[in-house]
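S.K.: A structural model of the following input is requested.
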Amino acid sequence: MANPWTGEVTLHLDGEPHVCKLTLGALAELEAGLAEGSLIDLVERFEAGRFSARDVLALVVAGLRGGGWGGTVADLLTVEVAGGATEAAKVAAQLLARAFSLPDSQG
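M.R.: Okay, the predicted model is just below:
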């Protein structure tokens, strides 16, 4: 079970729960792989509702890897995400919010 107070979010892949977390290492890997801009630009795209499927995929992969998952983007392309693209986008947004907010402000 994910602990939101430590920035964790749960995502179900092929029916199995996986804990996602944007650790410092996951954030560095995410930023290095961004097609455009910085992490701040990514946050701004999510806040404005201008994020892309590529943004969601990059965030989910970073979160999964921060949670201990050993897979790659290619692995994620072949699994069933419970809730589909909508749930993946929700998890991506929650990961960003939890990584860049104080515990008192997390919902």
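
S.K.: ok, and what's touching the helix or strand containing Leu57?
M.R.: Element membership for Leu57, per DSSP states H and E: helix 53-66. Judged by CB atoms under 8 Å, 6 or more residues apart in numbering, the contacts made with helix 53-66 from elsewhere in the structure are 9, 11, 18, 20-23, 25-27, 29-30, 33-35, 42, 45-46, 71-73, 76, 85, 88-89, 91-92, 95-96. Where you see a C-beta, it was placed from the backbone N, CA and C, and this is true even at glycine.

S.K.: Now which of those would you call buried?
M.R.: 9, 11, 18, 20-23, 26-27, 29-30, 42, 45-46, 76, 88-89, 91-92, 95-96 (16 or more other CB atoms under 10 Å).

S.K.: Only the C-alpha atoms, please, for stretch 44-59, written as CSV.
M.R.: What follows is the C-alpha trace of stretch 44-59 in CSV, where atoms were taken according to Å, rounded to 0.1, in the frame of the first residue of the first chain:
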residue,chain,number,x,y,z
GLU,A,44,3.6,24.0,-15.4
ARG,A,45,2.3,21.9,-18.3
PHE,A,46,0.4,19.7,-15.8
GLU,A,47,-1.0,22.7,-13.9
ALA,A,48,-2.2,24.3,-17.2
GLY,A,49,-3.6,21.0,-18.5
ARG,A,50,-1.2,21.1,-21.5
PHE,A,51,0.6,17.8,-20.7
SER,A,52,1.2,15.2,-23.4
ALA,A,53,1.0,11.4,-23.3
ARG,A,54,4.8,11.4,-23.5
ASP,A,55,4.8,13.5,-20.2
VAL,A,56,2.5,11.1,-18.5
LEU,A,57,4.5,8.1,-19.7
ALA,A,58,7.8,9.7,-18.5
LEU,A,59,6.4,10.5,-15.1
